[in-house]
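> Quick one, structure for this:
(chains A and B)
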Amino acid sequence: MNDVLGIINLHENEKLLKEITRNRPLAAVPFGGRFRLIDFVLSNMVNSGMQHVGIVAKSKYRALMDHIRSGKEWDLARKRNGLFILPPPDHVHYSNSIYKGDLENFHNHLDSIKKSQQRYVLIAGSHTICNIDYNDAFQFHLNKKADITIMYKKELPDKEKSFSMATVLNVDEEGRVIDMEVKADKTDCGNICMEIFFIAKELLVKIVEDCVARGEFDFIKEGIIKNLTRYKVFGYGYNGYMAKINSIQAYYRANMSLLNPEVWIELFNKMGPIYTKVKDTPPTTYRENASVKNSMIANGCVIEGTVENSILFRNVIVRKGAHIKNSILMQKCEIWPDVMLENVICDKDVKITQGKRLIGDPNYVMVIEKGMVV
Amino acid sequence: MKNVRRKECLAMILAGGQGSRLGVLTKSLAKPAVPFGGKYRLIDFTLSNCYNSGFDTVGVLTQYQPLELHSYIGIGSPWDLDRNNGGVFILPPFVQQKGGEWYKGTANAICQNASFIEQFRPTYLLVLSGDHIYKMDYSYMLDFHKQTEADVTIAVIEVPWKEAYRFGIMNTDKSGRIIEFDEKPAHPKNNLASMGVYIFNWEVLRNYLALDDCDASSLHDFGKNVIPLMLKSGKKLMAYAFNGYWKDVGTLESLWEANMDLLSDNPKLDLYDRDWPIYSDNAQVAPQLIAATAKLNKSMVSLGCYVLGEVTSSVLFSGIYVGEGAVIKDSVVLPGAKICSGAIVERAIIGQSAVIGAGCKIGDSARSEITVVANQVIVTENMVISGGAVVE
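This next block holds a predicted model:
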């Protein structure tokens, strides 16, 4: 995999996560107690043996830069290759300019992509959660002599799941992609595109240049779907655990799915580790009378109350008599005595004062914005 | 040699000790690397104190079983001591053109590294132990040392009178000047014990180290030889009183006890203090998963644990599996251990990656002795290990 350049494409639809992405890109959304979404794709790339990763940033990327810094946690602070951030073109920072699409950003950094030593490129988004070794898919790409290989997961109909604005593809018996569409509304089954693409670097450069020359700026719609007949595009089916974070509901369900020990083990203990920016937090303390059931808890928490079916990020405090149920509490939340929370997502630094009761619906969870005091 | 920037005060951590009374835990591990408090190793406290106090140049003197300690410290990144200017330096004994030898004592260890110290041209030398648990701002002590114009300042802590015989006791006058030093006195006149934290004027110390080096009868120890020699020749030695939590975990009992200290409602050692964080090498694992069958009470649990059983008054390090129906009580479980379903562990220290088979009964809460299962030991199903036993 040393011959593969990783490009993490952060041109993702961020509006779907509403309050949670108000001040951060999707890639920097906290997930699973101590991670951010981008940790998964970055760790997968590193664990697969890739050494050169570029992050195509789109907007609000301060939170992301703060998280990634030099890339040291992912072993990507290197003298050769390593991690680099590709910010959007300058004009995007001005209010009257319109961001045309991800290909504009790719085009802006084409010289840097051309210059890399790698002959292949793996393009992936940050909102697909999985722990995967890309080597098998890459081998498939080479064996099939494909121009482009797209990873997908076949999802059976499931009421619990829904994929908003997912890309769905059809493959023939050989694995060749014959049709592909970006769904405008929700879908719950089909071959869901994982937004992971293998492509030769030269071909990527050609597609970017061709599209931009014709005034086309969308990588999936115009770079790939329009070219399905021109190039050999294959689909590679993946069978492991995958979650796509493209709505608040999907975010909530994906977090909750980690409470299933099989998912917890598959995502964290089977393949390579998921790396993240480390914080020096002490272990979690469970005080007398604490009651914790079916929950995932990060370090640094102090729990005196009751927690069930919930996810607690680092440094969360749950005081006596508080009852947390089916909820997600991000870093440094403080829950005062006798609070009742059910089906709630508290963003970072939220304080819920004594005796408050906040109850959302399992199908429409309540989100409390970062730093709020209720 | 490259041009090294001058440092006003250099810290030297004595980390070569064996900790022989920790038995199986220090069989292949230096005492400063002994795990503590759910995620730390003993030396984290001294290194974090250095960084938090603003000391950025630290020498770590190692000797006994240094492999794990060396790889743990590495280039000092967890404590922000990976620096271009200063940083952490690991200093094991070395061979010289004519001979070279092991560190013969604490003073000799510093003496052998005089040229390392000289390159920073320090005015003061802070000498520390790498195996004590405490949070202390050394910069205040340095201020005190400068104000009192002392030659040596020794940090002291009040210990209970009945335990004073175990420590090096400082007898002081009203101004805090040390007039007498009693190493483990049978009849202590005072209860101010030395914490093993010293600030020396480097020039003064250098001369005394040279004197001590020539003395064939000396044990080359700070407490036994160098400090008494300085006292005798009228140097100004001051006692700097420290009040806070301080613990020298010399024995398995005291190591166990120090872990239990963390579980009280208001622990004297506050690990959650954001103004004085204790840095450590952080494991890259998932958060802990607490199953519906689990019961957790008065316990500290770290990352990567998967708990299905009952944990009471215990400290669990990272990556521990506690099976359904298993009970862990009054115990310390080191990283990666597996406690299978139905096993009962009481008043015990379970070593790294040890496996306690299903239905085992380890230790006994009713007895005062600690039961120890060494690292990597596999205890087969339904074994009963009585209280106070050591399983290797």
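> Show me what from the stretch 201-350 of chain A comes close to chain B.
Where the stretch 201-350 of chain A comes near chain B, counting by CB under 8 Å from any CB of the partner chain, the residues are A:258-259, A:261, A:264, A:267-269, A:273-276, A:278-280, A:282-300, A:302, A:311-312. C-beta coordinates here come from the backbone N, C-alpha and C atoms, glycine included.
> again, but for the stretch 1-150 of chain A
For the stretch 1-150 of chain A, the residues found near chain B under the criterion CB under 8 Å from any CB are A:Gly32, A:Gly33, A:Arg34, A:Glu73.
> 6 Å instead, please
With CB under 6 Å from any CB of the partner chain as the criterion, the stretch 1-150 of chain A meets chain B at residues A:Gly33, A:Arg34.
> can you pull out the helices in the chain?
Just so you know, I chose chain A. Per DSSP state H, chain A has helices spanning A:37-47, A:62-68, A:102-108, A:110-115, A:135-143, A:201-213, A:248-257, A:261-265. These are given in chain order.
> my bad, chain B
Chain-ordered helices for chain B, with DSSP H as the definition, fall at B:43-52, B:67-73, B:106-112, B:114-118, B:138-147, B:202-214, B:227-232, B:252-261.
> Please name whichever of these is nearest to A:Lys114.
If you check each of the helices of chain B against A:Lys114 by CB to CB, helix B:67-73 wins as the nearest, at 40.4 Å.
> Other residues contacting that closest one?
B:Leu29, B:Ala30, B:Ala33, B:Thr62, B:Ile90 (CB atoms under 6 Å, 6 or more residues apart in numbering or on different chains).
> Between the residues you listed, which sits nearest B:Lys236?
Out of these, the member with the shortest distance to B:Lys236 (by CB to CB) is B:Thr62, at 31.8 Å.
> Can you verify my assumption that that closest one contacts B:Gly16?
Yes. The criterion here is CB atoms under 6 Å, and B:Thr62 meets it with B:Gly16 at 5.4 Å.
> picking up where we left off before, so which of the contacts of helix B:67-73 are in strands?
Judged by DSSP state E, the subset of the contacts of helix B:67-73 located in strands is B:Ile90.
> Include pLDDT and distance to chain A when you put the contacts of helix B:67-73 into TSV, please.
Below are the contacts of helix B:67-73 laid out as TSV (pLDDT from 0 to 100; distance: CB to the nearest CB, whole Å):
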residue	pLDDT	distance to chain A
B:Leu29	92	21
B:Ala30	93	22
B:Ala33	94	18
B:Thr62	94	23
B:Ile90	95	21
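> List buried residues within the residues of the stretch 201-350 of chain A next to chain B.
When neighbours are counted using 16 or more other CB atoms under 10 Å in any protein chain shown, these contain these buried positions: A:258-259, A:264, A:267-268, A:273-276, A:278, A:280, A:282-287, A:290-300, A:302, A:311-312.
> and the residues you listed, which of them are in strands?
Judged by DSSP E, strands contain the following of these: A:Thr284, A:Thr285, A:Tyr286, A:Ser291, A:Val292, A:Lys293, A:Ser295, A:Met296, A:Ile297, A:Val302, A:Ile311, A:Leu312.
> which one of those is nearest chain B?
Out of these, the one with the shortest distance to chain B is A:Tyr286. That distance is 4.0 Å, counting by CB to the nearest CB.
> Tell me which residues touch that closest one, please.
Contacts here follow CB under 6 Å, 6+ apart; on that basis A:Tyr286 touches A:Ile303, B:Leu296, B:Ser299.
> before we move on, back to that, out of the helices of chain B, which is closest to B:Val390?
Where these are weighed against each other on CB to CB, the nearest is helix B:252-261, at 8.5 Å.
> chain center to the closest one: distance?
A distance of 13 Å separates the centroid of the chain from that of helix B:252-261, by CA atoms, centre = their mean, to the nearest Å.
> and that helix, anywhere near chain A?
No. Judged by CB under 6 Å from any CB, helix B:252-261 stays clear of chain A, getting no closer than 11.0 Å.
> Can you tell me what sits against that helix?
B:Leu22, B:Ile133, B:Lys247, B:Val249, B:Val315, B:Val332, B:Ile370.
> what's the closest of these to chain A?
Using CB to the nearest CB, B:Val315 is the member of the contacts of helix B:252-261 that sits closest to chain A, with 7.6 Å.
> OK, contacts around that closest one?
Listed by CB under 6 Å, 6+ apart, the contact set of B:Val315 reads B:Gly38, B:Asn259, B:Met300, B:Val332.
> and it, how far is that from B:Pro267?
Counting by CB to CB, to the nearest Å, the gap from B:Val315 to B:Pro267 is 12 Å.
> and the residue in the stretch 101-250 of chain B that chain A sits nearest to, what pLDDT?
Proximity to chain A, evaluated over the stretch 101-250 of chain B using CB to the nearest CB, is greatest for B:Lys135 at 12.3 Å. Per-residue confidence for B:Lys135 comes out at a pLDDT of 96.
> Could you pull up phi and psi at the residue nearest to it when sequence neighbours are not counted?
In space, B:Lys135 comes closest to B:Trp276 once its chain neighbours are excluded; the distance is 5.2 Å by CB to CB, 6 or more residues apart in numbering or on different chains. Listed backbone geometry of B:Trp276 is phi -140, psi 70, with angles given as degrees, to the nearest 10.
> ok so, going back, spell out which two among the contacts of helix B:252-261 are the most distant pair, please.
Longest span within the contacts of helix B:252-261, CB to CB: B:Ile133 and B:Ile370, 17.3 Å.
> Mind listing residues that contact stretch A:110-127?
With contacts defined as CB under 6 Å, 6+ apart, stretch A:110-127 is touched by A:3-9, A:12, A:26-27, A:37-38, A:41, A:52, A:195-201, A:204, A:245.
> Filter those residues down to the buried ones and hand me the PyMOL line.
Per 16+ other CB under 10 Å, the buried members of these correspond to this PyMOL selection:
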select buried, chain A and resi 4+5+6+7+8+9+12+26+27+37+38+41+52+195+196+197+198+199+201+204+245
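> List the ones among the contacts of B:Val315 that fall in strands.
If you go by DSSP E, the contacts of B:Val315 have B:Met300, B:Val332 in strands.
> Of the contacts of B:Val315, which is the nearest to chain A?
Minimum distance to chain A across these is 3.4 Å, recorded for B:Gly38 (CB to the nearest CB).
> Dihedrals phi and psi, the closest one?
Note on B:Gly38: its backbone torsions stand at phi 90, psi -20 [degrees, to the nearest 10].
> Would you check that B:Ser314 makes contact with B:Ser299?
Yes. Applying CB under 6 Å, one finds B:Ser314 in contact with B:Ser299, separated by 4.9 Å.
> The two - which one has more neighbours?
When B:Ser314 and B:Ser299 are compared for neighbours, B:Ser314 comes out ahead with 30 against 27, by other CB atoms under 10 Å in any protein chain shown.
> Kindly report the residues of the stretch 151-300 of chain B close to chain A.
Taking CB under 6 Å from any CB as the test, the list of the stretch 151-300 of chain B residues beside chain A reads B:271-272, B:277, B:279, B:282, B:284, B:286-290, B:292, B:296, B:298-300.
> pLDDT of stretch A:221-235, averaged?
Summarised as a single mean, pLDDT over stretch A:221-235 is 92.
> give the contact list for the closest residue in space to B:Phe144 that isn't next to it in sequence.
Spatial nearest neighbour of B:Phe144, excluding adjacent residues (CB to CB, 6+ apart): B:Tyr240 at 5.2 Å. Going by CB under 6 Å, 6+ apart, B:Tyr240 touches B:Met141, B:Phe144, B:Thr153, B:Ala155.
> Those: which two are farthest apart?
B:Phe144 and B:Ala155 (9.5 Å).
> When the two are compared, which one has more neighbours?
Of the pair B:Phe144 and B:Ala155, B:Ala155 is the one with more neighbours under other CB under 10 Å, namely 24 against 18.
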